[in-house]
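Enquirer: predicted coordinates and the sequence they were generated for:
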Amino acid sequence: MNDITGEKLITSAFLFGGAGVVFTTIPFLGVLIYGIVKSQQGGHNKSSDILSVVAWAFVVHAVASFLFYGLILVLDKSNLDTPNFYTTKIFPIFWAETKAQVISLSGAGADDILSSVAYSTLHLLQVVTKWFYMSLPIVVLVLAMFYGIVLSSKDSYEKSYVNVMAYSSISFVAVSLMYLFWAKISSIAIFMTNGDIVSMISKMWANALQLQI
């Protein structure tokens, strides 16, 4: 491992960092979206259906996340040349915020063509990942409103805008807790080195709002 070049380290950060994002998002979103769509097609109690879908999505998310986490730890232990190679070398490169940090952590040449190509690929993935994470609060809000409307539609005693808002408010709290648990598990599984997903999203939104002002 000691003779690995800088561009190979950056490429490894792209591969393993991208794999971590996939493992901590796709299984969860896949089960959630599929389950909600299926629950809307049936004639059963929709609120209970959605609750069961969310529960299964969390189970799948936890299993996928900790499988990836365990795989990285096994790779770390199996690498006798450099202890904790992936957790201390690869993932810090993936979460580096600037090109200068990536170059410094990888030891790549700043003007080297291969290193520049590797960094461009990594940077593209970083941007997509951060924009995806940044959109999550909006997804939480939309999902909460959708769930609130579904719950209010089951209330045969009172159907009104106030009722929808009440259910949506309760739903927002529930979905927000779901989001926080998801973020906590994901932050551990993808070895974030500069805080966690929630703090990163908060920082990105703060910077975006400042730019708008």
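Expert: That came through, no problem.

Enquirer: which stretches in the protein count as helices?
Expert: 6-41, 46-78, 85, 91-94, 99-106, 113-153, 161-189, 197-212 (DSSP state H).

Enquirer: any buried residues in the first one, and which?
Expert: Within helix 6-41, the residues scored as buried using 16 or more other C-beta atoms under 10 Å are 6-7, 9-14, 16-18, 20-21, 23-25, 27-28, 31-32, 35-36, 39. Where C-beta positions appear, they are placed from N, C-alpha and C, glycine not excepted.

Enquirer: got the angle for it vs helix 197-212?
Expert: With axes from the mean of the first three to the mean of the last three C-alpha atoms, to 10 degrees applied, the angle from helix 6-41 to helix 197-212 works out at 90 degrees.

Enquirer: what packs against helix 6-41?
Expert: Packing partners of helix 6-41 (3 or more C-beta pairs under 8 Å, 6 or more residues apart in numbering; DSSP states H and E): helix 46-78, helix 91-94, helix 99-106, helix 113-153, helix 161-189.

Enquirer: swap in the fifth one?
Expert: Using 3+ C-beta pairs under 8 Å, 6+ apart as the contact definition, the elements that helix 99-106 packs against are helix 6-41, helix 91-94, helix 113-153.

Enquirer: please redo it, this time with the cut-off set to 6 Å
Expert: If you count contacts as 3 or more C-beta pairs under 6 Å, 6 or more residues apart in numbering; DSSP states H and E, helix 99-106 packs onto helix 6-41, helix 91-94.

Enquirer: and the longest one, by the same measure?
Expert: Taking 3+ C-beta pairs under 6 Å, 6+ apart as contact, the helices and strands that helix 113-153 lies on are helix 6-41, helix 161-189, helix 197-212.

Enquirer: swap the cut-off to 7 Å and go again
Expert: helix 6-41, helix 46-78, helix 99-106, helix 161-189, helix 197-212 (3 or more C-beta pairs under 7 Å, 6 or more residues apart in numbering; DSSP states H and E).

Enquirer: now render the ones you listed as TSV, adding distance to residue 131 and mean pLDDT.
Expert: Below are these laid out as TSV (distance: least, C-beta to C-beta, whole Å; pLDDT from 0 to 100):
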stretch	distance to residue 131	mean pLDDT
helix 6-41	12	84
helix 46-78	21	83
helix 99-106	18	88
helix 161-189	16	80
helix 197-212	9	82
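
Enquirer: and residue 179, how many residues sit next to it?
Expert: Applying other C-beta atoms under 10 Å, we find 19 residues neighbouring residue 179.

Enquirer: no no, residue 65
Expert: By the criterion of other C-beta under 10 Å, residue 65 has 23 neighbours.

Enquirer: look up how far residue 183 lies from the closest residue to it other than its chain neighbours.
Expert: What sits nearest to residue 65 in space, not counting adjacent residues and going by C-beta to C-beta, 6 or more residues apart in numbering, is residue 189, at 3.7 Å. Here residue 189 is placed at a distance of 11 Å from residue 183 (C-beta to C-beta, to the nearest Å).
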